[in-house]
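> I'll drop the sequence and a predicted model, then ask my questions.
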Amino acid sequence: MKSRFLILAVFCALIFGLPNMSFAQKTGGQTELSTGQRLDVMSSKLDLLRRSLSSAIKVMEDKSTDNKDKKTNADDPVVRLKGLEKEVSSVTSELNDIRTKNDKAEKFDPAAIDRLEGTVAELNTRVESTLQETAGLRNTTATANASASSNKKKKKGKFFGLLGGGDDKYADLTGAAVAGRDRVLFEEGAKEVRKGHHDTGRLLFSTIINTYPDSPFLPLAKLAIADSFFLEGTTSSLIQAAQAYQDWLTFFPTDPLADDASLKVAEAEMRQMGLSDRDISHARKAEQRLKVLLQQYPNSPLRPTVEARLAEVQENLAMHNLQVARFYYDTRYLGHKGGLKGSQSRLKEIADKYPCFSYNDEVFFRLASTYQQEEEPDEAARYYQKLVQEYPDSEYVEKAKDQLNIIGAPIPEKSTPNTCSKRQSQSFMGNLMQQVSGRADVTVNKNGILISKDGKEGTDLIDEALRYNGTLPALTTPDAPTQRTVKPITSTDPKSKNTTNGTATPTASTPAPTPAVIKP
């Protein structure tokens with residue numbers, strides 16, 4: 001019965017695990033995103049541009065209806081907006097054609113995706129610029145047609161009120177530029193994101209950016225857009241969340257929430273991390289971002305959280321290197337196909353970069369063995385001694401002592417255990433489910449900075465922004481760093497996880513006999 005269960009478990013792991021592995025390794029272009037992910041990102045951007053243009057055009061069309069018989073002027077704002085709308089539709093159509101070919105595994109030019117990404121970026125710049133230039137005219141148009149608009153709403157109210165308002169719910173709100181409406185947009189955007197209507201919320205926040213460039217809500221509107229992507233949580237959304245948080249940091253590098261935004265960039269990468277035997281590109285990006293955060297904001301209250309996140313990411317990276325080292329040594333070297341240097345370099349990287357790795361006892365033993373095979377007894381003895389000192393309860397200790405006796409090197413008497421390297425046991429079913437999911441076991445806060453995932457109105461930081469009309473008083477800003485400039489740290493933190501105790505080890509001074517062959 002037990003054997004049947006094990007066979008079934010292995011079969012499930014193969015069925016569900018291998019597709020995840022192949023998906024994680026699939027990349028597209030020079031970026032580390034798959035073709036589908038790149039198409040999803042562009043599609044999301046184009047949809048937001050289309051909706052923004054449609055809202056602006058709808059407000060201004062009423063004024064242009066009286067001039068239908070006049071010759072079309074290329075400089076007319078409505079004509080310009082409609083021209084951009086046609087461009088957006090054309091690019092969307094081309095993108096959908098490529099998506100269809102990609103879904104059907106048909107051949108297409110990969111360079112077309114690179115070209116489309118450049119086109120979307122350039123089109124986004126022109127649309128935002130045009131919307132900002134026509135904001136004043138839209139304000140005039142909205143004022144002139146206020147009564148007509150009101151009458152239309154009265155006629156439609158009963159019908160659309162029963163069905164929830166449809167797509168026209170925010171047409172006037174997003175199209176016309178009216179003084180004081182930025183606050184309404186900000187408030188409604190927060191409500192829509194809380195309801196899970198992330199696209200609509202982003203449209204409202206984008207209207208503040210494109211229509212009210214002097215609004216006090218503008219910085220927080222940009223941050224709220226990043227939050228909406230982060231809360232949405234899909235792969236393409238997390239990609240855009242990391243980019244949006246990074247863009248926000250570019251514009252507001254000294255904001256009190258800058259370290260929070262930097263942490264969210266790292267957490268967006270962590271949420272995409274796979275297991276250590278799969279793609280580790282997201283883990284490397286997360287490690288880099290967390291290290292930069294610690295350097296830029298050394299006195300941030302987020303430092304303990306960042307260090308904990310960094311330890312988990314580095315555990316994943318170190319395990320990846322260990323698995324590669326095992327393959328090189330056990331499969332290639334012991335199979336007489338080389339691989340000793342490949343194994344040694346991976347193990348050396350772990351020993352140098354990840355002192356808190358929970359499998360460092362195995363790392364030290366294997367690394368010492370490689371030096372022993374190369375007839376470098378001093379280096380071998382050094383790592384055997386580190387193993388005996390730092391991991392006195394390890395299963396490799398007795399083997400290490402035997403090899404130290406063979407080498408003729410002294411065995412350390414006093415132990416200085418590595419306190420930060422603790423291995424956590426995992427149940428069989430827990431390990432199986434993790435293999436099936438393909439996701440790394442890391443801790444991530446899935447709430448945004450301004451808006452939490454399950455937060456109710458009045459409980460989030462965005463509600464404080466509304467209360468203070470677009471600003472966040474220092475006393476109400478949680479986790480705001482107290483130091484905004486990079487200064488050298490004069491004292492060493494005794495609790496730092498990047499220090500190890502008792503690293504000094506004696507070396508052998510007596511001649512060593514020929515080392516024995518070890519099979520770790």
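All right, it came through fine.
> Quick check: residue 127 touching residue 53?
Yes - between residue 127 and residue 53 there is a contact under Cβ atoms under 8 Å: 6.5 Å. The way it works is simple: take the backbone N, C-alpha and C, and place the C-beta from them, glycine included.
> so what sits against both of those two?
84, 88 (Cβ atoms under 8 Å, 6 or more residues apart in numbering).
> average pLDDT for stretch 269-276?
Mean pLDDT, stretch 269-276: 91.
> what distance separates it from the middle of the whole chain?
9 Å (Cα atoms, centre = their mean, to the nearest Å).
> same deal with stretch 40-55?
What separates the centre of stretch 40-55 from the centre of its chain is 22 Å, taken as Cα atoms, centre = their mean.
> Could you do stretch 190-206 as well?
20 Å.
> Buried residues in it, which are they?
Neighbour counts over stretch 190-206 (16 or more other Cβ atoms under 10 Å) mark 190, 192-194, 198, 200-206 as buried.
> Tell me which helix or strand comes right after the lengthiest helix in the chain.
Scanning the chain for the longest helix, with DSSP state H as the assignment, gives helix 35-64. Heading C-terminal from helix 35-64, the first helix or strand you meet, by DSSP states H and E, is helix 77-103.
> and the direction of that following helix versus that of helix 35-64, what angle?
For helix 77-103 against helix 35-64, the angle by axes from the mean of the first three to the mean of the last three Cα atoms, to 10 degrees is 160 degrees.
> Run through the neighbouring helices and strands of helix 77-103.
Counting contacts by 3 or more Cβ pairs under 8 Å, 6 or more residues apart in numbering; DSSP states H and E, helix 77-103 packs against helix 35-64, helix 111-133.
> So what touches the shortest one?
Contact partners of helix 111-133, identified using Cβ under 8 Å, 6+ apart, comprise 28-30, 35, 38-39, 42, 45-46, 49, 52-53, 56, 77, 80-81, 84, 87-88, 91, 94-95, 98, 209-211, 213.
> Would you mind listing the buried residues in it?
113, 116-117, 119-120, 123, 127, 130-131.
> quick one: buried residues of the host helix or strand of residue 246?
Residue 246 belongs to helix 235-251 when assigned by DSSP H and E. Residues of helix 235-251 classed as buried: 236-242, 244-246, 248-249 (neighbour count, 16+ other Cβ under 10 Å).
> just checking, residue 249 touches residue 263?
No - between residue 249 and residue 263 there is no contact, the gap being 10.9 Å when judged by Cβ under 8 Å.
> which residues of the protein score low on pLDDT?
Filtered on pLDDT under 70, the chain yields the residue ranges 1-32, 61-75, 138-168, 172, 175-177, 424-428, 430-431, 433-437, 475-520.
> ok, now how distant is residue 57 from residue 130?
11 Å (Cβ to Cβ, to the nearest Å).
> what do these two both touch?
Shared contacts of residue 57 and residue 130, counting by Cβ under 8 Å, 6+ apart, come down to residue 81.
> who touches residue 276 in this structure?
316-317, 319-320, 323, 440.
> hmm, I was thinking of residue 451
190, 193-194, 224, 227-228, 231, 460-462.
> In helices only, show me those residues.
190, 193-194, 224, 227-228, 231, 461-462.
> which one of the buried residues of helix 111-133 is nearest residue 370?
Using Cβ to Cβ, residue 113 comes nearest to residue 370 of the buried residues of helix 111-133, at 43.4 Å.
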